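Asks: fold the stuff below for me.
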Amino acid sequence: MIGERARGFTLIELLVVMLIIASLLTIAMPRYFRSIEHSKETVLAQDLAVLRDAIDKFYSDRGLYPEALTTLATEHYVRAVPVDPMTKSAHTWTVVESEDPDVTGIVDVHSGAQKIGSNGVAYNEW
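Replies: Below is the predicted model:
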């Protein structure tokens with residue numbers, strides 16, 4: 001059949017659709033990555049609060065600080081040492097040792113990440 005046009009999309013139509021999709025992605029992707037970073041920061045703040053509360057309870061119950069974070073898990077103050085959401089490891093927490101020579105152990109904990117948070121403070125200073 002001469003003169004009958006083949007059905008389908010032209011290259012120009014496909015390029016226009018791809019351009020529209022790319023434009024929408026350039027708007028959506030930065031927001032997506034910011035929301036992921038914000039959720040990691042929220043998890044970090046919660047994990048730090050739980051660990052600090054467990055250290056305080058350990059001290060309150062026993063009169064001494066734990067020697068390691070794993071002690072909190074083995075003594076059932078936490079189920080397990082949480083994974084640092086910034087470093088993706090449970091072994092990168094930075095611990096602060098007691099300065100009192102009579103009472104040794106861990107008095108505080110911070111993230112092991114070196115990056116700066118959205119509040120302008122480094123994660124290892126939270």
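Asks: following the helix or strand harbouring Leu14 in sequence, what is the next regular element?
Replies: Following DSSP states H and E, one finds Leu14 within helix 11-62. Downstream of helix 11-62, the next assigned helix or strand under DSSP H and E is helix 69-74.
Asks: sorry, back to before: could you give the separation of the helix holding Leu14 from the chain centroid?
Replies: Its chain's C-alpha centre lies 8 Å from the corresponding centre of helix 11-62 when counted by C-alpha atoms, centre = their mean, to the nearest Å.
Asks: pLDDT below threshold where in the protein?
Replies: Confidence mapping of the chain against pLDDT under 70 gives the ranges 1-6.
Asks: 80 instead, please
Replies: Scanning the chain for pLDDT under 80 picks out the ranges 1-7.
Asks: mind giving me the packing neighbours of the helix holding Leu14?
Replies: helix 69-74, strand 106-110 (3 or more C-beta pairs under 8 Å, 6 or more residues apart in numbering; DSSP states H and E). Where you see a C-beta, it was placed from the backbone N, CA and C, and this is true even at glycine.
Asks: can I get these in JSON lines with distance to Asp61 and mean neighbour count?
Replies: Below are the helices and strands packed on helix 11-62 laid out as JSON lines (distance: least, C-beta to C-beta, whole Å; neighbours: other C-beta atoms under 10 Å):
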{"stretch": "helix 69-74", "distance to Asp61": "11", "mean neighbour count": "17"}
{"stretch": "strand 106-110", "distance to Asp61": "15", "mean neighbour count": "19"}
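Asks: closest to Val121 out of these?
Replies: For the helices and strands packed on helix 11-62, the distance to Val121 is smallest for strand 106-110, at 10.8 Å, taking C-beta to C-beta.
Asks: direction included, what does the closest one pair up with?
Replies: Within its sheet, and counting by DSSP bridges, strand 106-110 is paired with strand 94-97 (antiparallel).
Asks: quick one: contacts of the partner strand?
Replies: By C-beta atoms under 8 Å, 6 or more residues apart in numbering, the list of residues contacting strand 94-97 from outside reads 68-69, 104-112, 124.
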